[in-house]
Every structure is written in C-alpha cells, then in structure tokens.
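> Pasting the sequence and the predicted model now:
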Amino acid sequence: MKLAIFTDTYYPDINGVAKTLKRLTDYLDDQKIEYKIFAPKTTAGEYVSENIHRFESLSFFLYPECRLALPNFIQIKKELQNFSPDLIHVATPFNIGLCGVYYAKKFNIPLVGSYHTNFDQYLQYYDLPFLSKLVWKYMSWFHQPFEKLFVPSMDTLEELKERKFENLEIWPRGVDCQLFHPQYDKVVTREKWGVTKKYLLTYVGRLAPEKKVKNLLEIQKLLPPSYAEQIDWLIVGDGPTRDEMEKEAPSNMIFTGYQSGTELAEIYSASDLFVFPSPTETFGNVVLESLASGTPVIGANSGGVKNVIQDDVTGILCEPDNSSEFADSIVKLLSHESLRWQMRSEGRKYALSQRWDQIFQRLLMQYEEVIEQGRNRKYA
C-alpha cells in the first residue's frame with residue numbers, strides 16, 4: 001500500500017488535525033508503509049522529511065494554524081506520477097485538499113477524506129453567519145467524490161448525515177497513555193508554574209472565540225468566594241483571544257502559552273479538574289488526554305466532547321454558554337473528593353481502551369477496502 005496525504009496543516013503545526021496526521025504517519029513508518037505528504041510551509045518551525053513536499057502559503061483568517069497554500073501543480077503532478085500511490089487521503093478542504101481531489105480524478109486514484117473541523121460553526125464567532133449556506137454548499141460539493149469520508153465522532157457523523165453527506169465512517173481518536181498518565185510529580189509541576197492554592201484547574205486549547213475561552217473568566221467570578229480563593233488556573237495555549245484575556249484575568253489565572261509532550265502531560269496530571277467550555281469540537285483530543293491523565297473533565301454538552309465524556313462517570317457535561325452550570329459543577333467535584341477520585345479512575349480506564357494502534361489498524365482495513373474496490377472497477 002502506498003498513500004498520498006493532502007493536507008493544509010501538518011506537524012509541527014499545533015492543532016488537532018496536525019497532531020492526528022502526525023500520529024498516523026508515525027504509525028505508517030512503524031508498519032513500513034510508504035507515504036507522501038503534500039502540505040503548506042509552516043511558521044511553526046521546520047520539520048524536514050523526505051516524505052513531505054511543502055509549498056508557500058498564507059495564513060487563513062478563520063484559523064491561522066491552517067495555511068492557504070500556493071501549490072506547484074507541476075511538482076505535485078510529477079511527484080504523484082513518480083510515486084504512483086494506491087490511495088489519496090485528503091484531510092482539509094482548502095487549496096492542498098483541492099489538489100488532492102483533482103489529481104485523484106485525473107489519474108483515477110481511489111480517494112478518501114477526513115472531516116476534522118466545523119468551520120461553519122466558527123462563522124458566528126467572527127461575525128460571518130451570513131456565509132453559512134455558502135460554506136455548507138461548498139463542503140457538500142468538495143466531499144461528494146470521496147469513497148469514504150472519515151469523521152471523528154458520532155455527533156459529527158449524525159450532523160453530516162442530516163446534510164446528506166454520504167459514505168461516512170467513524171475514525172475515532174486515541175491517546176498515548178504512556179505519555180499521559182496520573183503519576184507525574186504534582187508538587188514539582190505546581191512549583192514550576194507558581195501554583196500555590198489548594199486546587200488547580202486547567203484549560204488546554206486554542207485561545208479563540210469559537211472555543212468560548214472567555215467564559216472561563218465568568219466561571220471564575222461565579223464561584224463562591226470560599227472556593228474561588230482556593231483555586232489557581234493554568235490556561236494552556238495561545239491564539240487571538242489571549243491578550244484580551246490576560247488583561248481581564250484575575251491574578252490566579254496563569255497563562256503558559258502552548259505546551260506539548262511531557263510538559264503538557266505534567267500539567268494535566270497535576271490538575272484537579274479540566275474545564276473545557278468549547279462547543280465546536282468535532283472530537284476534543286484534549287479531553288481524552290485529560291482523562292488519560294486521571295483528571296476529570298467539565299465540558300460543554302456539545303459536539304464530539306459529549307461523545308467522549310461519560311456524564312457523572314468521567315466528568316460532567318454542562319449546557320454550552322451556561323457559566324453558572326460550569327461553576328456549580330466545579331464546586332460539586334471539589335467538595336466531593338471521593339467522587340472526584342472515582343472519576344479519575346474511570347477516566348483513566350476509559351482512556352486505556354482508546355488505543356491508537358487498534359484505531360489505525362481499522363483505518364488501514366478501510367483503506368484496503370477502497371483500494372480493492374478501485375481495482376475491481378479498473379478490471380471490470
């Protein structure tokens with residue numbers, strides 16, 4: 001099997017799409033499966049590999065971590081002809097993704113895609129809701145040729161099914177339970193970030209309007225003083241909302257910027273609760289990372305997050321935008337230590353069942369199905 005992956009974001013970009021694709025290509029390396037990646041040049045730092053072909057790019061205003069590439073069609077055509085892939089996987093609906101669809105049709109290569117981001121939901125947070133119908137029309141047209149369209153959660157599958165998308169398959173996300181675990185030294189981590197209060201609450205993710213991160217400020221204000229005075233927050237991430245939040249945030253909110261690897265895993269592990277108000281997730285990788293770290297999650301009952309959190313088992317689901325409910329849930333869990341510890345255990349147990357190797361094995365089987373169908377058509 002030889003795979004060509006077309007994506008408008010890839011490692012070392014910091015977002016769920018880039019991380020998932022890097023996980024996939026690491027697995028392909030382990031399995032000795034050949035692949036080529038076509039992606040934009042990134043501002044996040046250089047990652048050089050003979051498998052990657054990068055193109056000049058511009059920032060996409062709705063999601064700066066996703067780049068609008070200026071692809072070299074002659075180079076892409078030459079690389080594809082030399083490589084002769086059995087399958088093309090398109091991960092994003094922008095310029096590079098369009099190239100993948102075009103060349104799959106031109107060279108009669110089996111085509112699959114993956115749906116990662118609800119760009120339609122982002123529009124309302126950037127005062128562009130009038131573009132919603134146009135976006136959905138484009139997304140429907142773009143994904144129509146795919147022989148399989150992989151989605152990360154049942155919630156996303158149901159939404160796309162209602163909009164008449166076809167050939168939908170669940171491609172869930174896994175978690176590295178060797179990296180994310182509860183056994184890191186919590187005292188050392190707290191000292192590192194200047195955490196001095198009894199409880200540590202954490203948010204991890206992009207600091208942007210569609211994540212509803214400014215709700216964290218309101219949630220903190222709504223906490224009873226007896227609890228608010230005992231809490232420090234770590235706000236992990238970066239984005240367009242950060243400067244404004246830092247100006248408005250109380251002194252017990254510490255902004256760390258982006259963190260990854262062991263540094264991020266240590267923060268999850270040292271936290272008493274993970275608070276995640278975003279209503280726009282197709283999955284919510286950070287939620288699963290928190291559960292793997294033994295940290296209960298209080299999240300929005302929306303999108304893919306509600307498919308990851310088992311309400312009152314591994315965390316609590318709250319109505320989106322209901323800061324009072326989030327604050328009440330924080331008080332509930334901080335005041336019931338036994339319940340919190342039970343959730344820690346259940347969250348870790350659930351995360352251990354979400355193994356990347358099993359998920360990728362299933363994905364490769366689905367790749368094989370599409371490749372075989374293409375062969376059958378070719379020789380029919």
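Here it is on my side, so go on. Just so you know, these numbers come straight off a predicted model, no measurement behind them.
> In the stretch 201-350 of the chain, what residue spans correspond to helices?
215-222, 225-228, 242-248, 261-270, 285-292, 305-308, 323-334, 337-352 (DSSP state H, counting those that start in this stretch).
> what are the C-alpha coordinates of the second one, in PDB please?
Once side chains and other backbone atoms are set aside, the C-alpha atoms of helix 225-228 remain, and they are given as PDB (Å, rounded to 0.1, in the frame of the first residue of the first chain):
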ATOM      1  CA  PRO A 225     -15.500  33.100  47.400                       C
ATOM      2  CA  SER A 226     -14.700  30.200  49.700                       C
ATOM      3  CA  TYR A 227     -13.800  28.200  46.700                       C
ATOM      4  CA  ALA A 228     -12.500  30.900  44.300                       C
END
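> List the buried residues of that helix.
Within helix 225-228, the residues that qualify as buried are 227-228, counting by 16 or more other CB atoms under 10 Å. Every C-beta, even on glycine, is put in place using the N, C-alpha and C of the backbone.
> Contacts for that helix next, please.
Contact with helix 225-228 is made by 199, 220-221, 252, 330-331, 334, as judged by CB atoms under 8 Å, 6 or more residues apart in numbering.
> quick one on the thing from earlier: please identify which of the helices of the stretch 201-350 of the chain is closest to Asn376.
Closest approach to Asn376 among those is made by helix 305-308 (34.1 Å; CB to CB).
> Show me what that closest one is packed up against.
Other elements packing on helix 305-308 under the criterion 3 or more CB pairs under 8 Å, 6 or more residues apart in numbering; DSSP states H and E are helix 154-162, helix 285-292, strand 297-300.
> Recalculate using a threshold of 7 Å.
Here helix 305-308 touches helix 154-162, helix 285-292, going by 3 or more CB pairs under 7 Å, 6 or more residues apart in numbering; DSSP states H and E.
> Tell me how many other residues crowd Lys19.
The tally of other residues near Lys19 (other CB atoms under 10 Å) stands at 18.
> okay, the helices of the stretch 201-350 of the chain in JSON lines with distance to Val101 next?
Formatted as JSON lines, these follow (distance: least, CB to CB, whole Å):
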{"stretch": "helix 215-222", "distance to Val101": "37"}
{"stretch": "helix 225-228", "distance to Val101": "51"}
{"stretch": "helix 242-248", "distance to Val101": "35"}
{"stretch": "helix 261-270", "distance to Val101": "34"}
{"stretch": "helix 285-292", "distance to Val101": "26"}
{"stretch": "helix 305-308", "distance to Val101": "28"}
{"stretch": "helix 323-334", "distance to Val101": "41"}
{"stretch": "helix 337-352", "distance to Val101": "35"}
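> Which of the ones you listed sits closest to Lys77?
Nearest of those (CB to CB): helix 285-292, 34.1 Å.
> Need the CA coordinates for the closest one. PDB is fine.
Only the C-alpha atoms of helix 285-292 are listed here, as PDB (Å, rounded to 0.1, in the frame of the first residue of the first chain):
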ATOM      1  CA  ASN A 285      -8.400  15.400  21.700                       C
ATOM      2  CA  VAL A 286      -7.500  17.400  24.900                       C
ATOM      3  CA  VAL A 287     -10.500  15.900  26.700                       C
ATOM      4  CA  LEU A 288      -9.200  12.400  26.100                       C
ATOM      5  CA  GLU A 289      -5.700  13.500  27.100                       C
ATOM      6  CA  SER A 290      -7.000  14.800  30.400                       C
ATOM      7  CA  LEU A 291      -8.900  11.600  31.100                       C
ATOM      8  CA  ALA A 292      -5.800   9.500  30.400                       C
END
